[in-house]
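Student: predicted model follows, preceded by the sequence.
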Amino acid sequence: MPFYPDELIEEVRSRNDIVDVISGYVRLQKKGSTYFGLCPFHNEKTPSFSVSPNKQMYYCFGCGAGGNVLTFVMQYENFTFQEAMQSLADRAGVTLPKQEMSTAQRRESDRRAKILEVNKVAAEYFYHLLRSPQGTHALEYFQKRELSAQTMQHFGLGYANKYSNDLYQYLKKKGYSDELLRYSGLVTIDEARGGYDKFWNRAMFPIMDANHRVIGFGGRVMGEGEPKYLNSPETMVFDKSRNLYGLNFARSSRKQGILLCEGYMDVIALHQAGFDNAVAALGTAFTSGHASLLKRYTKEVYLTFDSDGAGVRAALRAIPILKEAGLTAKVIDMNPYKDPDEFIKALGAEAYQERIDAAENSFLFEIRMLEREYDLADPESKTAFFRKVSDRLLEFREPLERENYIEALTRRYQIGFEQLKSMVNHAGTRRGIVSERKPLKSGINENKKKEDGMKKSQRLLLTWLIEEPSLFDRIEKYISPEDFTEELYRETAKILFDQHARGAVNPAQIVSMFPDEEQQREVAALFNARIVSVDEQQGREKALNETVRRVKKNSIEYRSRNLDPTDIAGLQKIIEDRKSLANLHISTD
């Protein structure tokens, strides 16, 4: 992974005006000094997506998406940081440095490039064979599956000839060596038989990585033969556990979430019906690698597996993997049809969208499948079922979330809320997870509300400072970066105050200093708090003084709670700050 110095990152960012870049994706209208448009990251009818040429930042007041031009390209195009840097560097005419490689690294890189080249040539050959007289049988198969010519072209579908060394001979004529072809996984080299193809007499599905490069193939046998579906072996460029079929298209979809299917034809059928957010695992069980890959592009996954027993088992295996990765999972009900392909052929895209909208919470799906193992008409079996349910509810460590699920289950199974809650608490006490305790009489949310209010005040002050840098000189007597008690806020404030000391406040640059995408989003929010417009000088001055006073008072209280008793200097500073707070007055003249 190339390392880019901060100066180069800032050069690429600053040479790509954020309004110009985002205008290529979103229709923007100028209102005052800011541009507004419909947010590309969530569905909305009223524009809440703002782009500030002064800050060189964007922020959506609806969903909270925000950042600088690099962040936008990463989010919209689903690019890695390196891909976004390369894209914007190319746009601005900036040359990025090439990473120096060792001899071994260069040899490996060259081999990878050659394998990708061979795969591309093979995909083109299969593509043309499908549309030739030899491919008639496979073409009729795809047409019988009701795939349009446009869809077949979109997915690069093809045909591997019925002769077992057809591709081998073709690639040899192109000048590729036996050694390279063996590494590609397309050909087996045998001393006795010579070279023969991995795929022959099969309808071919090129498998592409997220950047549309052909990394492998899937093939369905035409006529009789085993296995019915065959995938490329793993190679230098093809890792089944870290790639998903259709992701190269789904990554750019504007639809909500990702639809996770079982097979190639389900993905293709869904895309043809307008659901371009469908993907499938590549002939292997769903893995944590797949989940990590999905997390780059979505927070919500819809399982649309077959409705038979195997599909249910696959869903039950995938759900905990998705949860472990921090993804929300929902299950789409395909009944009475076997899979999405059958469903859409029978009922159409509109009905499928209704099933998506009605998708079942994954935990409730797991409980419904668990129910099949018990006879709820039998008291003993029913009690055993609820004991198992109680154990499962303990997976939710947050009491409020656990109670929400208890409430949902009491509605479904017509059991008393307090009865099930008591059962869960008893199970938790037995396992040492939760303890039965009486609810607080009052004030249960007071600390949370106070914390949220203080965060809002700190965000407001940071936004105010970048909107009006002249305020730095007026508040420095009272406020320093150390007065921001949230760690991320404090770190951001340090950079901001340092920028001001050097004479140039640059919030968009600060965003790039945080490598984590969620942190970038939070930093963007710090600089986009809503400042209530106050026309009168006196009212505006009062609002600023109140904000500074709240931030400073919170800082004093925070330091007092965490002060080491032996820290005399710290104690003196708190006393001085209390005196300063009593006399606080900031003029905005």
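Tutor: Nice, thanks for sending it over.

Student: remind me, longest helix of this structure?
Tutor: If you go by DSSP state H, the chain has its longest helix at helix 103-130.

Student: helices or strands next to that one in the packing?
Tutor: Judged by 3 or more CB pairs under 8 Å, 6 or more residues apart in numbering; DSSP states H and E, the packing partners of helix 103-130 are helix 136-144, strand 158-160, helix 166-173, helix 178-184, strand 202-208, strand 214-221. The way it works is simple: take the backbone N, C-alpha and C, and place the C-beta from them, glycine included.

Student: and the lowest-mean-pLDDT helix or strand in the chain, how far out from the chain's middle?
Tutor: Each helix and strand of the chain was given a mean pLDDT (mean pLDDT, DSSP states H and E); the minimum falls on helix 446-467 at a mean of 76. When C-alpha coordinates are averaged (CA atoms, centre = their mean, to the nearest Å), helix 446-467 and its chain have centres 27 Å apart.

Student: right, and the helix or strand after that helix?
Tutor: helix 471-475 (DSSP states H and E).

Student: show me the contact partners of that following helix.
Tutor: Outside helix 471-475, the residues that touch it by CB atoms under 8 Å, 6 or more residues apart in numbering are 464, 465, 497, 500, 544, 548, 586, 587, 588.

Student: any chance of the residues you listed in TSV, plus secondary structure?
Tutor: TSV is the format used below for the contacts of helix 471-475 (DSSP: H, G, I helix; E, B strand; the rest coil):
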residue	secondary structure
464	helix
465	helix
497	helix
500	helix
544	helix
548	helix
586	coil
587	coil
588	coil
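
Student: out of these, who has the most neighbours?
Tutor: residue 548 (24 neighbours; other CB atoms under 10 Å).

Student: looking at it, residue 339 is touching residue 264, isn't it?
Tutor: No - between residue 339 and residue 264 there is no contact, the gap being 11.6 Å when judged by CB atoms under 8 Å.

Student: which secondary structure elements does the strand or helix carrying residue 386 contact?
Tutor: Element membership of residue 386, judged by DSSP H and E, is helix 379-393. Here helix 379-393 touches helix 362-371, helix 399-413, helix 417-431, going by 3+ CB pairs under 8 Å, 6+ apart.

Student: my guess is residue 241 contacts residue 291, does it?
Tutor: No - if you go by CB under 8 Å, residue 241 and residue 291 don't touch, sitting 10.3 Å apart.

Student: more neighbours: which of these two?
Tutor: residue 291 (21 against 16).

Student: which residues sit in contact with the closest residue to the more buried one other than its chain neighbours?
Tutor: Spatial nearest neighbour of residue 291, excluding adjacent residues (CB to CB, 6 or more residues apart in numbering): residue 325 at 3.7 Å. Residues near residue 325 by CB under 8 Å, 6+ apart: 288, 291, 292, 294, 295.

Student: which of those residues fall in helices?
Tutor: Per DSSP H, the contacts of residue 325 map to helices at 288, 291, 292, 294, 295.

Student: in three-state terms, label the residue of the chain most remote from its centre for me.
Tutor: Ranked by distance from the centre of the chain (CA atoms, centre = their mean), the top residue is residue 192, with 49.5 Å. With three-state DSSP as the basis, residue 192 sits in coil.

Student: ok so, going back, most tightly packed of the helices and strands packed on helix 103-130?
Tutor: strand 158-160 (a mean of 29; mean count of other CB atoms under 10 Å).
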